[in-house]
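Asker: Model the structure of this input:
(one chain, ligands or ions: 2)
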Amino acid sequence: MTTCGCAHHTPPEVFENVTLVANDRVAEGVGLVTFDAPRIARDVQPGQFVHVRIAYGVDYLLRRPFSVYRTHGDRLEILYQVVGRGTRDLALATPGTEMDMVGPLGCGWRVAEDTAHALLVSGGLGAAPLGMLAEELAVRGIAVTVAMGAPCGERLVGRDLFERVARRVEIATDDGSCGTAGFVTGVCGEMIVEGGYDVVYTCGPEPMQRIVAAQAADAGVACQVSLERLMACGIGVCLSCVVETKCGFRRACVDGPVFYAKEIVWGSVYDGSCEL
Ligand SMILES: Cc1cc2nc3c(=O)[nH]c(=O)nc-3n(C[C@H](O)[C@H](O)[C@H](O)COP(=O)(O)OP(=O)(O)OC[C@H]3O[C@@H](n4cnc5c(N)ncnc54)[C@H](O)[C@@H]3O)c2cc1C
Ligand code: FES
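Answerer: Numbers count the residues shown, from 1 in each chain. Ligands and ions are numbered 1, 2, ... in the order given. The predicted model follows:
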């Protein structure tokens, strides 16, 4: 029987006025912003996200959703890729800037009690929701192996964190400038066939996640995926973020963004192959 949706209880989200304490470029087009956000940092679970009002005005009627990459004490870190107005303004924000944030939101990664070894597969900024998970698994004594991919070496994100906590990190770049030349799915496909993993956690472009999910299913390994959707309210009201699952439509903002891969009706998912 397939059961869908968020299985575990998470504390209710809060509104918090947060202060930006650092904002650094970490890769081509990617920044890492650190906020002083004691209430949200205390409660957030790996794989959950926050909704940030980057500024005020007509461009900011909607908050922007970001995965929480890491927390340490009262601090919360977000990795962001500059794609539009909001993330451009985020890149320009300096220490001392105040923003308001809602979180923690959504349903994060599930870790089964008997997990001994997890494979994390990250594509590009897919590292964002996997960083905190990698640290949490290591703290719990669960072996972590990572396969990470990017278009080129300059766009690898999260490598330092993964190399610090994982027993093995395999890298693939499309142009071969770092690690194996080609897509990360080639590398992780071989690793999954080698065996030894209880679970695969993956985030990255949806076509990549779909392939990883199929590789895990073929090998009989459990797999969880973190899906990105356009989001407006972030709290389950507007239905802008639906995902088709075997149990019907689910809202990525409250029932996800992490789902069991076996739940997803992949055929219904936009795979970037045509104009919408
Ligand atoms: C649960 C969740 C977690 C996310 N985590 C991260 C993260 O950790 N780091 C990060 O950089 N980004 C993350 N995103 C995507 C991020 O929210 C968008 O890139 C951001 O809102 C764009 O804002 P903008 O004002 O710069 O761009 P806009 O001007 O609003 O849009 C620029 C382009 O980005 C596209 N876009 C906007 N919002 C989204 C979205 N939600 N999903 C996909 N495409 C979008 C638009 O269609 C447009 O093509 C996440 C999204 C979700 C739903
Ligand atoms: S963003 Fe409104 S229901 Fe998910």
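Asker: nearest spatial neighbour of A219, skipping sequence neighbours?
Answerer: Counting by Cβ to Cβ, 6 or more residues apart in numbering, A219 lies nearest to I192, which is 4.9 Å off, once chain neighbours are set aside. Glycine gets a C-beta too; all of them are placed from N, C-alpha and C.
Asker: burial of the one you found, as a residue count?
Answerer: 24 (other Cβ atoms under 10 Å).
Asker: How is it assigned, secondary-structure-wise?
Answerer: At I192 the chain is in helix, as set by DSSP: H, G, I helix; E, B strand; the rest coil.
Asker: Okay, helices next: where are they in this structure?
Answerer: 38-43, 85-92, 131-139, 159-165, 184-194, 206-219 (DSSP state H).
Asker: so who does the residue of the stretch 51-200 of the chain found nearest ligand 2 touch?
Answerer: Of all residues in the stretch 51-200 of the chain, the one sitting closest to ligand 2 is P65 (8.1 Å; Cβ to the nearest ligand atom). Each residue near P65 by Cβ atoms under 8 Å, 6 or more residues apart in numbering is listed here: 49-52, 105, 231, 234, 253.
Asker: how about those residues, which pair is most distant?
Answerer: V52 and C253 (14.0 Å; Cβ to Cβ).
Asker: quick one on the thing from earlier: in JSON lines: the helices of the chain, plus distance to ligand 1.
Answerer: Shown next, in JSON lines, are the helices of the chain (distance: least, Cβ to the nearest ligand atom, whole Å):
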{"stretch": "helix 38-43", "distance to ligand 1": "14"}
{"stretch": "helix 85-92", "distance to ligand 1": "3"}
{"stretch": "helix 131-139", "distance to ligand 1": "10"}
{"stretch": "helix 159-165", "distance to ligand 1": "14"}
{"stretch": "helix 184-194", "distance to ligand 1": "18"}
{"stretch": "helix 206-219", "distance to ligand 1": "10"}
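Asker: Let me have those in TSV, extended by mean pLDDT.
Answerer: Putting these into TSV (pLDDT from 0 to 100) gives the following:
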stretch	mean pLDDT
helix 38-43	96
helix 85-92	94
helix 131-139	98
helix 159-165	97
helix 184-194	96
helix 206-219	97
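Asker: Kindly report the residues of the stretch 151-276 of the chain close to ligand 2.
Answerer: Residues of the stretch 151-276 of the chain lying near ligand 2 by Cβ under 6 Å from any ligand atom: 231-234, 236-241, 251, 253.
Asker: can you rerun that using 5 Å?
Answerer: Contacts of the stretch 151-276 of the chain with ligand 2, taken as Cβ under 5 Å from any ligand atom, map to 231-233, 236, 238, 240-241, 251, 253.
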